[in-house]
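1. just need the structure, nothing else, for what follows:
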Amino acid sequence: MPHSTVSRIEGQKPFEFGGVHHLALVCRDMARTVDFYTNVLGMRLVKTIELPDGMGQHFFFDCGGGDCLAFFWFPGAPDGVPGISAPATRPDKGDLTSAIGSMNHVAFTVAPERIDEYRARLLAAGVDCTEVANHDDSAFGLSETLHPGVFVRSVYFQDPDGILLEFACWTRVLGVDDVAHAPVLFADRVSS
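-> Residues are numbered from 1 along each chain as shown. I've put the predicted structure just below:
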């Protein structure tokens, strides 16, 4: 297992997490966001907040497992910069890189047996998406076929604001051999 640069205080129990409570993103048009996440993806809108002093809105969508995806709408929010604040496009169409501190993409867990059906439903709803990707440990990280080394299958697509989304399903139980790489350092970064 790679060495960790962060350690716990001796005898202290680790934090106990129950999942992701919510991930908060920023949208351009809350009505369009509500339409996409409720009518296309079928998420239930579970909480709406009107922020004080005209600051905007904050809406929460149930994305399953007790977790939520939330959106802020700020009246004066600057436009995002593709390739900096988020990836410029889907990974099959270009560079996946985004800036330090940015939110690169959101992956929703789906059942393995439904991923092809869900891709077809996205296409039927007019949402452009990738083929189903078989992620493995090969040099390129993708396989054209489903084989025992594939650990996750996924479909990438974007919401109306260009936020990169993914339907993902684990295909096998991950083990200790799946943690095999040492983390890189800031010094390893390529400057632009």
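
2. quick one, phi/psi of the residue nearest the centre of the chain?
-> Nearest to the mean C-alpha position of the chain, by C-alpha atoms, centre = their mean, lies Val106 at 1.3 Å. The phi/psi pair for Val106 (degrees, to the nearest 10) reads phi -120, psi 130.

3. nearest spatial neighbour of it, skipping sequence neighbours?
-> Nearest in space to Val106, with sequence neighbours left out and distances taken as C-beta to C-beta, 6 or more residues apart in numbering, is Leu165 at 5.4 Å. (Each C-beta comes from the backbone N, C-alpha and C, glycine too.)

4. quick one, what contacts the one you found?
-> Contacts for Leu165 (C-beta atoms under 8 Å, 6 or more residues apart in numbering) come out as His105, Val106, Ala107, Phe108, Tyr156, Phe157, Gln158, Asp159.

5. most neighbours out of the residues you listed, which is it?
-> Ranked by the number of neighbours (other C-beta atoms under 10 Å), the contacts of Leu165 place Tyr156 first, at 24 neighbours.

6. pull the contacting residues for it.
-> Arg90, Pro91, Asp92, His105, Cys129, Thr130, Ala133, Leu164, Leu165, Glu166.

7. circling back: need the contact list for the residue nearest to the centre of the chain.
-> Counted by C-beta under 8 Å, 6+ apart, Val106 has contacts Leu23, Leu25, Leu69, Ile163, Leu164, Leu165, Glu166.

8. so the fifth one sits against Ser102, correct?
-> The reference is to Leu164. No - at 10.6 Å, Leu164 does not count as touching Ser102 under the criterion of C-beta atoms under 8 Å.

9. comparing the two, which residue is more hemmed in?
-> Leu164 (21 against 14).

10. scan the chain for its longest helix.
-> In the chain, with assignment by DSSP state H, the single longest helix is helix 115-124.

11. which parts of that helix are buried?
-> For helix 115-124, the buried set under the neighbour-count rule, 16 or more other C-beta atoms under 10 Å, comprises Ile115, Tyr118, Arg119, Arg121, Leu122.

12. check contacts around the first one.
-> Which is Ile115. Counting by C-beta under 8 Å, 6+ apart, Ile115 has contacts Val132, Arg153, Ser154, Val155, Phe167, Cys169.

13. give me every residue that touches the fourth one.
-> Right, Val155. Ile115, Tyr118, Arg119, Leu122, Cys129, Thr130, Glu131, Val132, Ala133, Glu166, Phe167.

14. how about the helices in the protein?
-> Counting by DSSP H, the helices of the chain are 30-34, 115-124.

15. closest to Gly42 out of the ones you listed?
-> Among the helices of the chain, the nearest to Gly42 by C-beta to C-beta is helix 115-124 (9.1 Å).

16. average model confidence for the closest one?
-> In this model, helix 115-124 carries a mean pLDDT of 95.

17. what does Met93 show for phi and psi?
-> Met isn't right for residue 93; it's Lys. Dihedral angles for Lys93 - degrees, to the nearest 10 - are phi -120, psi -10.

18. all set, thanks.
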